[in-house]
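>>> A predicted structure for the sequence below; I have some questions about it.
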Amino acid sequence: MRYAELRQRLEDAALGSPGHAPGELRRAAFARAARLAGAAAGVRSGAALPPALTPYVDKVARHAYQVTDADVIAVRRAGNSEDAVFEITVAAALGAALGRLERGLAALSSPPKGHS
């Protein structure tokens with residue numbers, strides 16, 4: 001794929017660079033959001049997403065426009081700093097975006113149904 005290297009660099013920067021949220025937590029948010037957006041089942045992370053973050057990551061992945069201050073406050077009350085919430089949000093948004101990109105590219109490379 002032409003953009004594979006750029007995509008990997010983006011993932012590495014968002015998920016693997018030092019940050020306020022642990023890398024495993026960011027990878028878990030990324031993986032869950034990617035799966036919700038339809039990425040291949042092969043998207044995995046080593047850690048499970050804490051239950052307190054699951055509704056937030058799901059909302060970012062499915063309906064980002066509906067995220068409210070109350071959602072962010074709930075994640076902060078679960079023990080996350082404002083910077084950590086930002087990083088978790090970026091990871092979830094990136095996972096959802098790349099999951100949708102994967103689905104779109106797969107649709108473009110598949111012949112239309114009935115036209116094999």
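Perfect, thanks for sending it.
>>> Got the phi and psi for Ser81?
For Ser81, the backbone dihedrals (degrees, to the nearest 10) come out as phi -70, psi 170.
>>> confidence score at it?
Looking at Ser81, its pLDDT reads 96.
>>> same check, this time on Gln66
97.
>>> what's the answer for Ser45, then?
63.
>>> and Arg100, what is it in contact with?
Each residue near Arg100 by C-beta atoms under 8 Å, 6 or more residues apart in numbering is listed here: 37-38. For glycine as for every other residue, the C-beta is placed from the backbone atoms N, C-alpha and C.
>>> tell me which element it falls in.
helix 82-109 (DSSP states H and E).
>>> So for that helix, what gets flagged as buried?
Using 16 or more other C-beta atoms under 10 Å as the test for burial, helix 82-109 gives 84-85, 87-102.
>>> Surely Val90 and Ala14 touch.
Yes: counting by C-beta atoms under 8 Å, Val90 touches Ala14, with 5.6 Å between them.
>>> Show the contacting residues for His97.
No His there; residue 97 is Ala. Ala37.
>>> Against Pro55, how distant is it?
20 Å (C-beta to C-beta, to the nearest Å).
>>> how about low-confidence regions in this protein?
1, 41-46, 114-116 (pLDDT under 70).
>>> how about the helices of it, start to end?
Counting by DSSP state H, the chain has helices at residues 4-11, 23-36, 54-63, 69-77, 82-109.
>>> between the last one and helix 54-63, what angle do the directions make?
Relative orientation of helix 82-109 with respect to helix 54-63: 40 degrees, computed using axes from the mean of the first three to the mean of the last three C-alpha atoms, to 10 degrees.
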